[in-house]
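Q: turn this into a structure:
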Amino acid sequence: AAALCWRRNILPAARERAAQLGLRGAAFPWRTIAGRECSGYWPAGTAAFHVNADVADAVARYLHATGDEAFGRGTGLELAVETARLWRSLGHHGHDGRFHIDGVTGPDEYSALADDNLYTNLMAQANLRLAADLADRFPAEAEALGVDDEETAAWRDAADAVNLPFNPRLGVHEQAAGFTGHQRWDFAATGPECYPLLLHFPYVDLYRKQVVKQADLALALYLRGEAFSEEQKAADFSYYEELTVRDSSLSAAVQAVVAAELGHLRLAYDYLAEAALIDLDDLQHNSRDGLHLASLAGAWTALVAGLGGFRLGPGAPAFAPRLPPELSSLCFRLRLRGRTLRVRAVQGSAEYLVQEGGSLTVRHFGEELRLEPGRPETRPVPPAPARPEPVQPQGRRPARRGGPLPDGSWDGDGSADRFTGPEQGKAARDRGIRAGERKGTR
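A: Residues are numbered from 1 along each chain as shown. All right, here's what the predicted structure looks like:
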């Protein structure tokens, strides 16, 4: 709530920024100190409009978690309205009747000024619907912000018509319109000394190739998972794993979440370790300059949303916990709607307990459970679906910590060294082997 109230406090600067860009509503900064954009023009920053939908998504998640009506009618409504106005002025209805958002940069900074970035479009869609719903819920406050029925109808029309690029020949969604038609990056000819790519190749070369710096479409699979079928998620994740080089510390946690959901538990464990150990092991050789706080926070996300399967939406909080063989248990607590909920997963089962507050309804793999305070409920965990494990670009697989590969090897392509020198890579590999030998440890 405090972070979102700060966003509301800097709305004047965000409105001014939108006006500078010829847009309505508010354009929140990509980088800031006191509310104003601190970056010079750069396509990967100035056009990263998804930041605005991310703010609206935080509003929605906070309201789902708390039911805070006072926040919703004040800060929440104003943030949702101003960001929705940005999308309605940035996008347009094309000749095909679809709503397009052109010339944007999604989370992947190796692509820029793309049309219909899937993540951006899906998050804008949710933003537009949130603003319309809150305006209907709080009509007096919405009217004070100048919102009328015509504007909310325009938001809903745009949301319903948002274009979601899909390649039917490949059977996968496109990160942006035309992305899957680009030439693939030559990973085989790119040695380990050439990473991160941004330090060795011009952006103009990266922008026109199929290579992904950090989770982009995978982030959509996580935050807008309801927009995809299970088959689509599996196909999309597999396709983009082959392209994602993780030259950003923001990537591993998101990939851990989606890998866990799809049943790739050892891969999820490997990504979790990368997110958590990035500074302890100095994986990017720059921890002397400061901690990678987003990656460290992402370790919590990888555990709770990944291995814990936690999803929060308008209905009951949902869980689908599964553990890799190397972990015996996972326990975490959440504060939801005035209750303290403890979730404890072990191999084959999960237990839910309301420790404080009144009764709470949750979902366990789709089954609704009514939890009474102080009375734990235990349910079996179904086995993970059997799917081929995705492959990563040559030399960019995370260091193997979650047991051997299907062929029995631990690290046949040397990817334990993906961020490290040989000695550090050997140490990381040794830690992984020791972890595999200590089965049953927490």
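
Q: and what about the nearest residue to residue 270 once chain neighbours are set aside, helix, strand or coil?
A: In this structure, residue 270 finds its nearest non-sequential neighbour in residue 398, 4.1 Å apart by Cβ to Cβ, 6 or more residues apart in numbering. For the C-beta atoms, the positions are set from N, CA and C on the backbone; glycine is no exception. The three-state assignment at residue 398 reads coil, by DSSP: H, G, I helix; E, B strand; the rest coil.

Q: residue 398 and residue 107: what is the separation?
A: From residue 398 across to residue 107, the span is 19 Å (Cβ to Cβ, to the nearest Å).

Q: please list the residues outside stretch 202-219 that contact it.
A: Contacts to stretch 202-219, defined as Cβ atoms under 8 Å, 6 or more residues apart in numbering, come from residues 44, 106-113, 117-119, 173, 175, 179-180, 182-185, 187, 197-198, 236-237, 240, 243-248, 250-251, 254-255, 258, 393.

Q: narrow the residues you listed to those that are buried.
A: Among the contacts of stretch 202-219, those scoring as buried are 44, 106-112, 117-119, 173, 175, 179-180, 182, 185, 197, 236-237, 240, 243-248, 250-251, 254-255, 258, 393 (criterion: 16 or more other Cβ atoms under 10 Å).

Q: any chance you could map the helices in the stretch 301-442 of the chain?
A: Here the stretch 301-442 of the chain has its helices, by DSSP state H, counting those that start in this stretch, at 422-437.

Q: low-confidence regions, it specifically.
A: Scanning the stretch 301-442 of the chain for pLDDT under 70 picks out 402-442.

Q: just the strands in it please.
A: Assigned by DSSP state E, counting those that start in this stretch, the stretch 301-442 of the chain shows strands spanning 318-319, 329-336, 339-346, 349-356, 360-364, 367-371, 377-380.

Q: ok, now the stretch 151-300 of the chain?
A: Assigned by DSSP E, counting those that start in this stretch, the stretch 151-300 of the chain shows strands spanning 166-167, 172-173, 183-184, 209-210.

Q: for the third one, give me every contacting residue.
A: Counting by Cβ under 8 Å, 6+ apart, strand 183-184 makes contact with 208-211, 243, all of which sit outside it.

Q: now do 7 Å
A: Contacts to strand 183-184, defined as Cβ atoms under 7 Å, 6 or more residues apart in numbering, come from residues 209-210.

Q: average pLDDT across that strand?
A: Strand 183-184 shows a mean pLDDT of 98.

Q: report the distance from it to the chain centre.
A: Its chain's C-alpha centre lies 25 Å from the corresponding centre of strand 183-184 when counted by Cα atoms, centre = their mean, to the nearest Å.

Q: that one pairs with which strands, and in what direction?
A: Neighbouring strands of strand 183-184 in its sheet, by DSSP bridges, are strand 209-210 (parallel).

Q: what's the average pLDDT for the partner strand?
A: Per-residue scores along strand 209-210 average to 98.

Q: not counting sequence-adjacent ones, nearest residue to the residue nearest the centre of the chain?
A: Closest to where the C-alpha atoms of the chain average out (Cα atoms, centre = their mean) is residue 219, at 3.4 Å. The shortest distance from residue 219 to any non-neighbouring residue, by Cβ to Cβ, 6+ apart, is to residue 254 (5.2 Å).

Q: could you measure from that neighbour over to residue 216?
A: Per Cβ to Cβ, residue 254 is found 9 Å from residue 216.

Q: for the chain, what's the longest helix?
A: Secondary structure of the chain per DSSP state H: the longest helix is helix 118-137.

Q: which positions within it qualify as buried?
A: Neighbour counts using 16+ other Cβ under 10 Å place 118-135 of helix 118-137 among the buried residues.

Q: which residues touch the next helix or strand after it?
A: The helix or strand immediately downstream of helix 118-137 is helix 139-144, counting by DSSP states H and E. The contact list for helix 139-144 (Cβ under 7 Å, 6+ apart) reads 73, 77, 135.

Q: adding pLDDT, write those out as TSV.
A: Output for these, formatted as TSV (pLDDT from 0 to 100):
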residue	pLDDT
73	98
77	98
135	98
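
Q: for these, give me JSON lines that also has distance to residue 223.
A: Listed next are the contacts of helix 139-144 as JSON lines, based on distance: Cβ to Cβ, whole Å:
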{"residue": "73", "distance to residue 223": "25"}
{"residue": "77", "distance to residue 223": "21"}
{"residue": "135", "distance to residue 223": "23"}
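
Q: which one of those is nearest to residue 378?
A: Closest approach between those and residue 378, by Cβ to Cβ: residue 73, at 39.4 Å.

Q: what about that closest one, which SS state?
A: Of the three states, residue 73 takes helix under three-state DSSP.

Q: just give the closest residue to it, not the sequence neighbours.
A: Once flanking residues are discounted, residue 73 sits nearest to residue 138: 4.3 Å by Cβ to Cβ, 6+ apart.

Q: contact partners for that neighbour?
A: When contacts are counted by Cβ under 7 Å, 6+ apart, residue 138 is found next to 72-73, 77.

Q: cool, residue 196 as well?
A: residue 247.

Q: backbone dihedrals for it, please?
A: The phi/psi pair for residue 196 (degrees, to the nearest 10) reads phi -70, psi 140.

Q: could you check how far it is from residue 247?
A: Counting by Cβ to Cβ, the gap from residue 196 to residue 247 is 4 Å.

Q: now the common contact residues for those two.
A: Contacts common to residue 196 and residue 247, judged by Cβ under 7 Å, 6+ apart, are absent.
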